[in-house]
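Asks: Predicted structure and sequence below. I'll ask about it afterward.
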Amino acid sequence: MSFTTKVHTDDGVVTIRLTGELDSRSAPSLNEIIVEATESTVRRLVLLAEDLTYMSSAGLRCLVFAHQKLGRGVDIVLVGATPEVAETIRLTGFDRSLVMQGATER
Amino acid sequence: MSRSPERLDAFPTHRIAGFGVRAGRPLPFGASRVPGGVNFSVYSAGATGMTLVLYRRDEVEPLAELDFPPEFVVGAVYSMTVFGIDAETVEYGYRADGPFEPERGHRFDRGQVLLDPYATLVHGRDSWGGQRRPLRSGVALDDFDWEEDRQLRIPSEDLVIYEAHVRGFTRHSSSGVDQPGTFAGLVEKIPYLKSLGVNAVELMPVFEFDELDNERHDPRSGAPLHNYWGYSTIGFFAPKAGLAATGRLGMQADEFKNMVKQLHRAGIEVILDVVFNHTAEGNELGPTLSFRGLDNSVYYMLTPDGYYYNFSGTGNTLNCNHPIVRGFVLDCLRHWASQFHVDGFRFDLAAILVRAPNGAPIPNPPLLESLAADPVLRDCKLIAEAWDAGGLYQVGTFPNYHRFSEWNGKFRDTVRRFVKGDAGLAGELATRLLGSPDLYRDRAPTASVNFITAHDGFTLRDLVSYNEKHNDANGEGGRDGDNDNNSWNCGVEGDTEDKRVLALRDRQIRNLLLLLLTSHGIPMLVAGDEFGRTQHGNNNAYCQDNELSWVDWSLAETNAGLLRFTKAAIAFRRAHPALRRPWHLRGHQGDGLFPEISWHGERAWTPDWSPGQRLLAALLYCHNEIGHDCVYLAANAHWDSRELELPALPDGMRWHLFADTARVCGQDVHQPGEEPPLADDHVRVEPRSTVVLVARNTEE
């Protein structure tokens, strides 16, 4: 399954909806989007992950990359990660870099 | 923020096997991510050619084989930058060309794909005991956010070390953790470690090893036995994937870093047990995994006819004082100190690090000198197991450069023998109590890592429950394991219902713990000893990946009194600077109440050092800005009780009881600061008992 993103920016809040498989092949494209997003002032980055079917370690590293790009003052929120992804983030200490939330109401 | 065009200072100059490449950077060795690709660098003094073999993650057949052209070789270093590959998903290895001439030390074999000695990840044993895939090298990324973390740099005299096996610590069903047997599982036990009071964990091997490389079987069940302890390294720069809950995702390095960071937040240092005396390749019959195929005659100590010296007892001996191997060891420890924030290292069979390439001990081994003076390692604790399997015993004489501490085997033996009742040991015990100045006179007491038990040998509970080792389950016909244990079963071998025997064992354990935790030097406990862990008499559980050796946490409730006692003894040590002296004793300092140490007996100030005595009574004293710190210790290993006159205190001070191992559980120890006063200036020390007192102001 392919990987697609939909970006929405509103007053410094960048929301990216992730769909499909985020793995080592698709991770570079997400990194590109993060780089583009950081060209304007970002207060908060929200990643909607409810429609992700798979996230590999390379996908997790995109979150770390975003954290590095945006710095510690910017909240990174991961919404609706699967329990497995959330657990891996916790075990590797990456939860220090982001806020995890349950799925949004749609 | 605007993006400037990336400057291209590295671009492909060649195409090899379909990949754009260029001559790489020789340093750093290993594989490192560079813009647009990965830089590979490997050295071999004896090879005549080298091939980089690339794989896609989890695939058996190579993606490509890239021969190093001559212009990519500088000296003995083969380096190549490969563009267009992803460090996260690539796996790799090397084929080294060269002669197979064992009598001249060469064992090149182009048919083998070798691990990179500098590989920061090793793939192929991704979960513990799981499917065995070919071993491949991988590239760990360096994007972990350490925030403000750094090495804790706790003064050595304040350390209380807790030795643990990462898997065994939480693998038992009673551990109650979500991720049993892993680095993440250990993180879940940090609150426990804090409540116990230890401030350093010493982890048994965590470098990648192959737990399936043991060929022995359980003689009763026939089940294969694992190489559970892992003193058999295959990847010195790589945390073991099978000890990580996220190993199957290749995230073991991240999980390890998170463990270190969380331990540091709790004020607990991380010391690694490192095995540089041999590798997993064994002797000439063993597998060729990496070193043998890259530079056999460099990495191993060889006999004149090309066989392996075996000072490690495991088949081969790493040639640590060869200049190339020395650099390798140094690079490895720098990696763990800088990339993983590790606080110290315990060197397994460290006497081997003192040997020259021909096996002879040398007085100024260059490896140890380099480690001692290295700027990256400056704040790391360095601890030597100062003996080897070739008969070199260097406790007290290990070339230390005022940097290495030693596992003090003489402390262990003396305290064990004294407590079990051997005669003539009070004098030697006095020396051990003071940090063994006979061995470490020119150094600090912290040169002595004091221990009663370690992973090798009996657990503390078994030390007072067995006269003989019971190693049948190891499948070696009882030939393995130490025979010289200085243990005493208190009257019955092994399990018993006899209440008097059980009570005596409980008391002996407390006697041993109190002597350990009141002695100068660095005390070390073994995980589970604080609540009576048993291996049912097995004193060499290296292959017992099962309930025989895993820490059974239900014992923390069964033996809650012992756990409480241990916690109090650790807290008492931390509360009393007189027990944590950073220098050897200097006698009376003029302005204090007492000399720094004084010896006593049935009458105060009158010790009896005659051989039949089994009593040691000592007053440890120090005076600092907070006030006077006076601790009185009396250990009676005799079968009769003793009435001891106590040294007189100045007006306004009285002796208070911290611990009396003869008292029933619940009254055997008091919380530091809440010790009740004694009725008068005498104390009765019951048979085979230890009493610890503290002087305090009466109005307190």
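Replies: Great, that's in hand.

Asks: Please point out which parts of the longest helix along chain B sit buried.
Replies: Using DSSP state H, we find that the single longest helix of chain B is helix B:499-518. By neighbour count on 16 or more other C-beta atoms under 10 Å in any protein chain shown, the buried set for helix B:499-518 is B:501-502, B:504-518. To be clear about C-beta, it is placed using only N, CA and C from the backbone, and glycine gets the same treatment.

Asks: what helices or strands is that helix leaning on?
Replies: Counting contacts by 3 or more C-beta pairs under 8 Å, 6 or more residues apart in numbering or on different chains; DSSP states H and E, helix B:499-518 packs against helix B:409-420, helix B:426-433, helix B:460-463, strand B:522-526, helix B:560-575, strand B:627-636, strand B:689-697.

Asks: Using PDB, write down the CA coordinates of it.
Replies: Taking C-alpha atoms only, helix B:499-518 is exported to PDB below (Å, rounded to 0.1, in the frame of the first residue of the first chain):
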ATOM      1  CA  LYS B 499      14.000 -24.300  62.200                       C
ATOM      2  CA  ARG B 500      17.400 -24.000  64.000                       C
ATOM      3  CA  VAL B 501      19.300 -24.500  60.800                       C
ATOM      4  CA  LEU B 502      17.100 -22.000  58.900                       C
ATOM      5  CA  ALA B 503      17.500 -19.500  61.700                       C
ATOM      6  CA  LEU B 504      21.300 -19.900  61.700                       C
ATOM      7  CA  ARG B 505      21.300 -19.400  57.900                       C
ATOM      8  CA  ASP B 506      19.300 -16.200  58.200                       C
ATOM      9  CA  ARG B 507      21.700 -14.900  60.800                       C
ATOM     10  CA  GLN B 508      24.800 -15.900  58.700                       C
ATOM     11  CA  ILE B 509      23.400 -14.100  55.700                       C
ATOM     12  CA  ARG B 510      23.000 -10.900  57.800                       C
ATOM     13  CA  ASN B 511      26.500 -11.300  59.300                       C
ATOM     14  CA  LEU B 512      27.900 -11.400  55.800                       C
ATOM     15  CA  LEU B 513      25.800  -8.500  54.600                       C
ATOM     16  CA  LEU B 514      26.800  -6.300  57.500                       C
ATOM     17  CA  LEU B 515      30.500  -7.000  57.100                       C
ATOM     18  CA  LEU B 516      30.200  -6.200  53.400                       C
ATOM     19  CA  LEU B 517      28.300  -3.000  53.900                       C
ATOM     20  CA  THR B 518      30.500  -1.600  56.800                       C
END
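
Asks: Spatially central residue in the chain, please.
Replies: All of this refers to chain A. residue A:47 (4.1 Å; C-alpha atoms, centre = their mean).

Asks: hm, I was asking about chain B
Replies: Closest-to-mean residue, chain B, C-alpha atoms, centre = their mean: residue B:273 / 3.5 Å.

Asks: Pretty sure it sits in a strand.
Replies: Yes - counting by DSSP: H, G, I helix; E, B strand; the rest coil, residue B:273 falls inside a strand.

Asks: In terms of pLDDT, where does it sit?
Replies: Looking at residue B:273, its pLDDT is 98.

Asks: Any idea what it is bridged to?
Replies: Beta-bridge pairing for residue B:273 (DSSP bridges): residue B:346.

Asks: before we move on, the earlier item: which among the helices and strands packed on helix B:499-518 is found nearest to chain A?
Replies: Using C-beta to the nearest C-beta as the measure, strand B:522-526 is the one of the helices and strands packed on helix B:499-518 that comes nearest chain A, at 26.3 Å.
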